[in-house]
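Participant: Okay, here's the prediction I keep looking at, along with the sequence it came from:
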Amino acid sequence: MTNRKKTKADAINDAEQMFSPDAYVTWGDADINDKRKALTEASKGLDEFGLIDKTTAGLGSRFRDFSNLDGPTSGRPGLTRSDYDFFRADEAVPSHIKAIFNRADLIYNKVGLVKNVIDLMGDFASQGIRLVHPNKRIERFYRKWFEKIKGEERSERFLNNLYRIGNVVINRQTAKISLKVADNLYKTIAGPDLIVNKEDNINIDKREIPWKYTFIDPTCVDVIGGSLSSFVSDKRYAISIPGSLRKIINNPKNDAEKSIIDKLPPTIIEAAKTKKPYLLDIDKTLVFHYKKDDWKTWAYPMIYSIMDDINVIEKLKLADLAALDGAISNIRIFKLGSLEHKIAPTAAAASKLSNILQNNVGGGTMDLVWGPDIELIESKTAVHQFLGEGKYTPHLNSVYAGLGIPPTLTGTFGAAGTTNNFISLKTLTQRLQYGRKILTIFWKKEIEIVQKAMNFRYPAKIEFDRMDLSNEEAEKALLIQLADRNIISDELLQRVFGFDPDTEKTRLNRENKERNSERMVQKAGPFIDANFENSMKKMAMQLGLATPSQVGLELEPKKKGEMNSVEVKTAFTPQPKTPSTQFEDAQIPGQPGQGRPKNSKDSQKRKTREFSPQTGASVSLWASSAQDSINEILNPTLLSFYNKKNMRSLSNLEYNEAEIIKTKVLLNIKPFSNISEDLVLSAFSLIDSTDNLSKYNQYKKFTNSINREIGRDLTADEIKITKAYFYGMVYYQ
């Protein structure tokens, strides 16, 4: 039989049986020694006081003590950021640029808020990127090439790396295409047969175009010369091959790794063996930065400014997790004895209560039988008040502000004030526009390479969908109105709505052919009359050009006494008199026989009738000659203003403007005036008067009516005659 080790409870029971100690001791007021003995006896139970089944954990961290620096003087220096980071190295913001790149990439992949915002900015800034060219055949080539190199996806990755790490390193790989492939790129579908050019040649060979773009991690790229590279135009970059990759290159484990290594350039294999950096081809390595200063080797990522706020948010999340564990924890304190009543517990009483509490399994109400000298104090936790979103608000606002997202777009954490929201929205738009500008610089260079390789006359241009964070429906309605006024093309309108213009053109032509052949129902709408034939019949009936039977209308016989509107109008309209009736009804003054005798001659010679023109012909003739005088005075001034040698060199717009000025001057001069330079200048100063503008508007209506009647525009000589005639009508009346 083995001896079992006694527990703490067994030892207390044995002690109670052997000694039967008292639970409490007391003391009197007068004897100080009696009080000292009582407290000494009570101190023996200190080991029993404390938590029941408690667990402890050491921090294991170092502390720096700044006390007693100089004799009795103690110093307490302030806690700086470096002191804080010293004890929390994992939370410290890195200072080395490559470590900053790694931390920014880690935050992007780990923090959903940052990842969503960066992805949104990359998708939004690259939305609708496309290549356009005035020649449709060359445009098809460019667009097919852009599709082959995955231009839209590469553009999104370009902007994502630019906003995430702040630096974009691209390796360009070219392909020499055959004539068959080049011809297929002009068509709708391109063939896959390619001859990839593996030689490094800085010159652009014929039909050698960019074919693949690979993004390189900036953390593995070093700038040759460091800060000194700022003084040279062509910077050199090198890749530091990591140790894990060097191990694979030097010692491949299987056939798959060997086949990959055999395809690597010899320079990379040599760099892995010698542990030297691999120099990148200066002609095929493209590097772009996000707002980099000249004296810096690399640009700092946009995420760098919000790393502290990201750390705080992550710590708040950990604090919430820790708080959840103790959200329902309570502390109960059992007080034995009472110093007020001079009652102190002994070790026996403390051990007894401890034994009772340890044997309680919990899970309900505990009944405890004890004397009047015990008190229970229960403490409730208020940790649930810590679990709230209010503590996240300022840090989330800082993160949004650092990323350039305005509070109006977040929906939850907004700042009051229309001005602040407008500025924040403008900041986001400008940040997206800056990314587009960097992306455009990259693609322009690549497009020029394609232009030179294919011997095109003009390069393609880059277009994006318009960035507008306002009402999209109102914007599209405005574009429709601009297309109706022929300010923008229908092709642009179709692209805005997401339709392919070439496909829509083919569909429209096919539908028009089917409607013309009456195989498709005619289109109806406010601008298209689907019942054109019936409308023409109705108009002919109204004008009296056709009878009801001619338009296929069968009328029933009228009832007796019924009249249509034409018959009613005829019945109540007086009939015009005939010439004979008018002669009979004419009243001849005087009495019969009082007139001149029949066949008698004049007794005195009649006065000769003088002819006086009543049509304003003299005014019109003067206006015709006045136009020549006005032209001699104003033409030199107008030619000097337009910087032209003669009137023939004026454009249509400039010629029309000059004619308007001279017409207004003529209408502002009184008839038969002496045409001089002073008179013309005084008339020119009043050409915008209300009276003169009214005359000119009447003149425009007069000429427009003549143009419609003759079915063409007036010539210069006809305009001169018409202007003189109109001037005569105005001033003669």
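Facilitator: Cool, the structure landed. Residues are numbered from 1 along each chain as shown.

Participant: hey, let's count contacts and neighbours off CA atoms from now on
Facilitator: Fine.

Participant: Show me the helices in the stretch 451-600 of the chain, by range?
Facilitator: Taking DSSP state H, counting those that start in this stretch, the helices of the stretch 451-600 of the chain run over residues 472-484, 490-496, 501-516, 532-543, 565-571, 579-585.

Participant: Of those, which is nearest residue 206?
Facilitator: helix 501-516 (29.8 Å; C-alpha to C-alpha).

Participant: Buried residues in the closest one, which are they?
Facilitator: residue 511 (16 or more other C-alpha atoms under 10 Å).

Participant: just checking, what packs against it?
Facilitator: Counting contacts by 3 or more C-alpha pairs under 8 Å, 6 or more residues apart in numbering; DSSP states H and E, helix 501-516 is packed against helix 490-496.

Participant: And the contacts of the helix it packs on?
Facilitator: Residues outside helix 490-496 that contact it (C-alpha atoms under 8 Å, 6 or more residues apart in numbering): 465, 476, 479, 480, 483, 500, 501.

Participant: ok, 6 Å please
Facilitator: With contacts defined as C-alpha atoms under 6 Å, 6 or more residues apart in numbering, helix 490-496 is touched by residue 501.

Participant: and residue 162, how many neighbours does it have?
Facilitator: Applying other C-alpha atoms under 10 Å, we find 25 residues neighbouring residue 162.

Participant: what helix or strand does it sit in?
Facilitator: Residue 162 belongs to helix 151-164 when elements are defined using DSSP states H and E.

Participant: from the chain's centre, how far out does that helix sit?
Facilitator: Using C-alpha atoms, centre = their mean, to the nearest Å, the mean C-alpha position of helix 151-164 is found 16 Å from that of the whole chain.

Participant: Convert the C-alpha atoms of that helix to CSV, please.
Facilitator: Provided in CSV are the C-alpha atoms of helix 151-164 (Å, rounded to 0.1, in the frame of the first residue of the first chain):
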residue,chain,number,x,y,z
GLY,A,151,-3.3,45.8,-71.5
GLU,A,152,-6.3,46.3,-69.2
GLU,A,153,-5.1,43.8,-66.6
ARG,A,154,-1.5,45.2,-66.8
SER,A,155,-2.8,48.7,-66.3
GLU,A,156,-4.7,47.7,-63.2
ARG,A,157,-1.7,45.9,-61.8
PHE,A,158,0.4,49.0,-62.6
LEU,A,159,-1.8,51.3,-60.6
ASN,A,160,-2.3,48.8,-57.8
ASN,A,161,1.5,48.6,-57.3
LEU,A,162,1.8,52.4,-57.6
TYR,A,163,-0.7,53.1,-54.9
ARG,A,164,0.3,50.1,-52.7
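
Participant: mean confidence score for that helix?
Facilitator: Mean pLDDT, computed over helix 151-164, is 91.

Participant: Check stretch 430-438 too.
Facilitator: Regarding stretch 430-438, the rounded mean pLDDT is 88.

Participant: So for that stretch, what gets flagged as buried?
Facilitator: Neighbour-count burial for stretch 430-438 flags 431, 432, 435, 436, 438 (criterion: 16+ other C-alpha under 10 Å).

Participant: about what we covered before: most tightly packed of the helices of the stretch 451-600 of the chain?
Facilitator: Ranked by average neighbour count under the criterion mean count of other C-alpha atoms under 10 Å, these are headed by helix 490-496 at a mean of 15.

Participant: What's the mean pLDDT across that one?
Facilitator: Here the average pLDDT along helix 490-496 is 84.

Participant: just stretch 341-349 next, same as before
Facilitator: For stretch 341-349, mean pLDDT rounds to 78.

Participant: Going along the chain, name the strands of the protein.
Facilitator: Residue ranges of the strands in the chain, as given by DSSP state E, are 24-26, 130-132, 167-176, 208-216, 221-223, 237-239, 278-279, 285-289, 330-336, 343-345, 374-380, 461-463.

Participant: which residues of the stretch 401-550 of the chain score low on pLDDT?
Facilitator: Within the stretch 401-550 of the chain, the stretches with pLDDT under 70 are 407-424, 467-471, 524-532, 543-544.

Participant: If we use 90, what do you get?
Facilitator: 401-434, 449-550 (pLDDT under 90).

Participant: before we move on, what about the stretch 51-200 of the chain?
Facilitator: Using pLDDT under 90, the flagged stretches of the stretch 51-200 of the chain are 51-104, 107, 110-143, 149, 171-200.

Participant: one more time with 50, if that's ok
Facilitator: Applying pLDDT under 50 to the stretch 51-200 of the chain flags the ranges 54-63, 188-200.

Participant: ok, the nearest residue to residue 166 once chain neighbours are set aside - how many residues close by?
Facilitator: Spatial nearest neighbour of residue 166, chain neighbours left out: residue 301 (4.2 Å); criterion: C-alpha to C-alpha, 6 or more residues apart in numbering. Using other C-alpha under 10 Å, residue 301 is surrounded by 24 other residues.

Participant: wait, isn't residue 301 in contact with residue 165?
Facilitator: Yes. Residue 301 lies in contact with residue 165 (C-alpha atoms under 6 Å); the separation is 4.6 Å.
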